[in-house]
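Visitor: Predicted coordinates and the sequence they were generated for:
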Amino acid sequence: MKGRIVPGGADWQIVHEDGLTELDTRYTLETDTGDLIYVQNAGVRHAAPDVIKKLLAGETVDPSLVYFRTTPTFETSAKNLQHLTRSIFIGIGERYPSEVVVRFWKVE
């Protein structure tokens with residue numbers, strides 16, 4: 001399934017002195033089929049100091065050098081997507097200068 005973030009939502013970050021970033025994001029996804037999913041996604045991101053410096057400066061860094069993991073929860077009224085509200089997921093994120101990509105996996 002793929003989706004796009006619709007306008008609105010929020011993204012809070014606490015960046016610690018050592019480069020650890022605590023994440024709290026809340027947004028709505030619209031799937032390719034038009035269903036809406038509210039996402040609340042908490043996580044952490046950290047890397048070596050030189051990598052964090054580049055990341056925070058908006059430079060492109062190799063995603064494999066950054067630990068970026070999340071624990072999303074989903075809410076939706078779409079009957080065909082109720083499995084999202086009844087399972088645990090993990091997310092793996094990648095931050096680029098113009099976008100953030102997060103892929104989610106269901107924990108079986």
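Guide: Nice, I can see it. Residues are numbered from 1 along each chain as shown.

Visitor: what residues are up against residue 35?
Guide: Residue 35 makes contacts with 76, 78, 80, 81, as judged by CB atoms under 8 Å, 6 or more residues apart in numbering. No exception for glycine: its C-beta is placed from N, CA and C like everyone else's.

Visitor: rerun that using 7 Å as the cut-off
Guide: 76, 78, 81 (CB atoms under 7 Å, 6 or more residues apart in numbering).

Visitor: Among those residues, which one is most surrounded by other residues?
Guide: When neighbours are counted by other CB atoms under 10 Å, residue 76 leads the contacts of residue 35 with 19 neighbours.

Visitor: Specify the beta-bridge partners of the nearest residue to that residue once chain neighbours are set aside.
Guide: Spatial nearest neighbour of residue 76, excluding adjacent residues (CB to CB, 6 or more residues apart in numbering): residue 37 at 4.5 Å. Beta-bridge partners of residue 37, counted by DSSP bridges, are residue 29.

Visitor: wait, doesn't residue 37 sit right on residue 73?
Guide: No - at 10.4 Å, residue 37 and residue 73 do not qualify as touching, with contact defined as CB atoms under 7 Å.

Visitor: burial of residue 52, as a residue count?
Guide: So residue 52, with other CB under 10 Å, has 20 neighbours.

Visitor: Next, it: secondary structure please.
Guide: helix (DSSP: H, G, I helix; E, B strand; the rest coil).

Visitor: Could you find the closest non-adjacent residue to it?
Guide: residue 19 (3.8 Å).

Visitor: Comparing residue 37 and residue 73, which shows the higher neighbour count?
Guide: Shown here are residue 37 and residue 73; by other CB under 10 Å, residue 37 has more neighbours (20 against 14).
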